[in-house]
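> after the sequence you'll find the predicted model.
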Protein chains: 2
Amino acid sequence: MTIELRQLRYFVALADTLHFGRAATQLHITQPPLSRQIAALEDTLGAALFVRSSRQVELTAAGRHFHEHAVRVLAALDGAVRSTQATARGERGVLRVGFTMSAAWNVLPALIRRYGDAFPAAEIQLSEVVPRELDEALLSGRADVGIAFPWQRPDGLEYLRVHAEPLWAVLPAGHPLAAAAVVAVGELADEPFITFPAATAPALHALVAGCCREHGFEPRIRLETHLQQTIVNLVAEGLGVSLVPRSMSRMQLAGAVFRPISSPRVIEQGVIWAPNNANPCLARFLDCARAFGEAMAGGD
Amino acid sequence: MTIELRQLRYFVALADTLHFGRAATQLHITQPPLSRQIAALEDTLGAALFVRSSRQVELTAAGRHFHEHAVRVLAALDGAVRSTQATARGERGVLRVGFTMSAAWNVLPALIRRYGDAFPAAEIQLSEVVPRELDEALLSGRADVGIAFPWQRPDGLEYLRVHAEPLWAVLPAGHPLAAAAVVAVGELADEPFITFPAATAPALHALVAGCCREHGFEPRIRLETHLQQTIVNLVAEGLGVSLVPRSMSRMQLAGAVFRPISSPRVIEQGVIWAPNNANPCLARFLDCARAFGEAMAGGD
DNA sequence: TAAAAATACTCCATAGGTATTTTAT
DNA sequence: ATAAAATACCTATGGAGTATTTTTA
């Protein structure tokens, strides 16, 4: 014989009521099967759990002990069921987010915040990656979702735009071009550029370089760094000029001024994932990303 | 539908092997019922636990989560069964021992030691009681067993002798009667007695008083204390004489000498319990007490 | 194409129900 | 005498087996 959960449930009901008839009613069965199941349980255990008389039912020492544990086992199973269901719905679990530093500035904190608030039981593992690594991490399953610029995505990865904004020029505060409300890109031809390295921020690098070439010059690169805020800091120190996403103007740095450019260039960021990734948390995260993208598009 | 333990066991086997056929063999069933039970479990949970193909079975995120918990639930149940069986056998649980201080000197430490060694998982709750309280505590179930002298036991309590020994006289070292190898009780008639109070050590009190009366005198009581070792200390200080259990001579106190008495009196100690007490630990303790009593009787 | 899971169908073990007996107060 | 648990017996759900089909790598 082997113990069954039914017997635990019946046992707990009887231990709580100490009355076969009432326990049976509570269990939506009749008294005889309850008597039989309890007897079978005692038989399997090889131990009496109750002392019965026709007027009184009492727990034995073993019965009291088993009651404590049976209640815990049933509660543990119930908890396991609930948390498993939550896991299946993607409300709990682990979501591994890879992000490129250059893309992280705008989207990452707000999106992660939104997701974390919506699914507090989900564990978020953030890791910075270089763009090439991201694809590989997503395809191999080492990461569930990436936050990055759309840059030569290989087959097997999906992309969803979450945010888009124009490039603006950033100039040292005293710079002659800062006098105009709009900067014509061609006028930057002779300026030293502080820009993004091709290796770690290829999308931004290409966008800036492409923009310059279209205006008939190759940017004279003086410094490279993939951190947008560092670029702005260097511009504020007067080391050069750059083209950066407009939202960088929120930095409010005294030595740097931001100006729209004559021929607008839009840079977008989004989430990237492998559609065959079965992590249920990913689906919930993408829900958040979609909602976030719509909110950004609407409110901006 | 309701989850059954069978489903947990099947699930764990399948999660471990990731192969329906092998898991079924391991479970001593065939593959189809395993497929059905797993499907039923997933249906009840409302969540897929495995991703199956004809070549590969994998756990889902929810499946991995449920596996952890299912293993724990099964282990908890197994532990509960074992410990309940141990409880029923009296190998674990709580044994409440009441003892009278006057009886505790000889028997209690050795007997408790023996029991504690034999049943390390049993919790022993010792409490000192006055003799009258002991009966009440045993009858009402507030204590499981008493260690005491046999003294007017009421109905409903059993007694088992564990130890018996003669009374010996204890005299100050320089006392004239200490010169003889044996003390005639009658010669103590004019000595000041240090003895046991009737209230807290009635058995010893009555035995000493009865012994004296039989030799034609009423003991002249100078001091009373129910602690045997205190009596010996007071005798060593020259404050009087007494009759105490022979084993007190183990105290090896410089100022006190022990002598057998002319007409031997035996004082016994034993365990007392209510036979209707269903605490399984009591039965094991009585086993120990019986074995202890036989060892004492044999080795002495 | 072949290995393995799913499905169809049968059988029987056993849980639960009804009626009745036993037991202890 | 009576309330309540145990027992006897019946019914039927559903778990396991055998045979077969479906699936996918």
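On my side now, so go ahead. Numbers count the residues shown, from 1 in each chain, chains lettered A, B, ... in the order given.

> following the helix or strand of chain A with the lowest mean pLDDT, which helix or strand comes up?
Least confident helix or strand, chain A: helix A:101-104 with a mean of 76, by mean pLDDT, DSSP states H and E. Per DSSP states H and E, helix A:101-104 leads on to helix A:107-118 as the next helix or strand towards the C-terminus.

> and that next one, what does it pack onto?
strand A:93-99, strand A:122-128, strand A:145-148, strand A:158-172, strand A:266-273, helix A:280-298 (3 or more Cβ pairs under 8 Å, 6 or more residues apart in numbering or on different chains; DSSP states H and E). All C-beta spots, glycine's among them, are computed from the backbone N, C-alpha and C.

> ok, now which ones touch residue A:136?
Contacts for residue A:136 (Cβ atoms under 8 Å, 6 or more residues apart in numbering or on different chains) come out as residue A:142.

> return the distance of it relative to residue A:274.
According to Cβ to Cβ, to the nearest Å, residue A:136 and residue A:274 sit 11 Å apart.

> what's the answer for residue A:174, then?
Note on residue A:174: its distance to residue A:274, by Cβ to Cβ, is 49 Å.

> show me what residue A:99 is bridged to.
residue A:128, residue A:147 (DSSP bridges).

> what is the burial count for it?
Residue A:99 has 23 neighbours, counted by other Cβ atoms under 10 Å in any protein chain shown.

> test my guess that it contacts residue A:126.
Yes. Counting by Cβ atoms under 8 Å, residue A:126 is a contact partner of residue A:99 at 6.7 Å.

> turn the helices and strands packed on helix A:107-118 into TSV, columns for distance to residue B:112 and mean pLDDT.
Output for these, formatted as TSV (distance: least, Cβ to Cβ, whole Å; pLDDT from 0 to 100):
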stretch	distance to residue B:112	mean pLDDT
strand A:93-99	53	95
strand A:122-128	51	95
strand A:145-148	64	92
strand A:158-172	72	93
strand A:266-273	67	91
helix A:280-298	57	91
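
> CA atoms of stretch A:120-128 as PDB?
The C-alpha coordinates for stretch A:120-128 follow below in PDB (Å, rounded to 0.1, in the frame of the first residue of the first chain):
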ATOM      1  CA  PRO A 120       7.600  41.800  -8.800                       C
ATOM      2  CA  ALA A 121       8.100  38.100  -8.500                       C
ATOM      3  CA  ALA A 122      10.200  37.800 -11.600                       C
ATOM      4  CA  GLU A 123      14.000  38.000 -11.200                       C
ATOM      5  CA  ILE A 124      15.700  40.200 -13.700                       C
ATOM      6  CA  GLN A 125      19.300  39.500 -14.600                       C
ATOM      7  CA  LEU A 126      20.900  42.400 -16.400                       C
ATOM      8  CA  SER A 127      24.200  42.000 -18.200                       C
ATOM      9  CA  GLU A 128      26.000  44.400 -20.500                       C
END
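
> pick the most buried one from the helices and strands packed on helix A:107-118.
strand A:145-148 (a mean of 26; mean count of other Cβ atoms under 10 Å in any protein chain shown).

> helices or strands up against that strand?
Counting contacts by 3+ Cβ pairs under 8 Å, 6+ apart, strand A:145-148 is packed against strand A:93-99, helix A:101-104, helix A:107-118, helix A:131-140, strand A:266-273, helix A:280-298.

> now the residue in the stretch 201-300 of chain A positioned nearest to DNA strand C: how far from residue B:60?
Proximity of the stretch 201-300 of chain A to DNA strand C (Cβ to the nearest atom of the strand) peaks at residue A:278, 15.8 Å away. Per Cβ to Cβ, residue A:278 is found 6 Å from residue B:60.

> more crowded one of these two?
Of the pair residue A:278 and residue B:60, residue B:60 is the one with more neighbours under other Cβ under 10 Å, namely 20 against 15.

> per-residue confidence for that one?
With respect to pLDDT, residue B:60 scores 94.

> same deal with residue A:129?
On the pLDDT scale, residue A:129 gets 89.

> nearest residue to it in space, please, no chain neighbours.
Distance criterion Cβ to Cβ, 6 or more residues apart in numbering or on different chains; nearest residue to residue A:129, sequence neighbours excluded, is residue A:98 at 4.5 Å.

> secondary structure class for residue A:218?
Residue A:218 carries the three-state label coil when classified by DSSP: H, G, I helix; E, B strand; the rest coil.

> next: the one 5 residues further on.
Three states are possible here, and by three-state DSSP the one that applies to residue A:223 is strand.

> residue contacts, residue A:247?
Residue A:247 sits next to A:105-106, A:165 when contact means Cβ under 8 Å, 6+ apart.

> no, scratch that, I was asking about residue A:131
So residue A:131 contacts A:100, A:148-149, A:151, A:200-203 (Cβ under 8 Å, 6+ apart).

> let's go with 10 Å and repeat that
Residues near residue A:131 by Cβ atoms under 10 Å, 6 or more residues apart in numbering or on different chains: A:98, A:100-103, A:146, A:148-149, A:151-152, A:199-203, A:226.

> quick check: phi and psi on the closest residue to DNA strand C within the stretch 51-200 of chain A?
Nearest residue of the stretch 51-200 of chain A to DNA strand C: residue A:54, at 3.1 Å (Cβ to the nearest atom of the strand). Phi and psi for residue A:54, reported as degrees, to the nearest 10, are phi -70, psi -10.

> burial of it, as a residue count?
Neighbours of residue A:54 (other Cβ under 10 Å): 5.

> thought residue A:256 was touching residue A:240?
No. At 11.1 Å, residue A:256 does not count as touching residue A:240 under the criterion of Cβ atoms under 10 Å.

> more neighbours, those two?
Taking other Cβ under 10 Å, residue A:256 and residue A:240 do not tie; residue A:256 has more neighbours (26 against 22).

> now do that one, the pLDDT please.
95.

> residue contacts, it?
Residue A:256 sits next to A:170-173, A:175, A:178, A:231-238, A:241-242, A:244, A:248-249 when contact means Cβ under 10 Å, 6+ apart.

> give me that answer again for 8 Å
So residue A:256 contacts A:170-173, A:232-233, A:235-236 (Cβ under 8 Å, 6+ apart).
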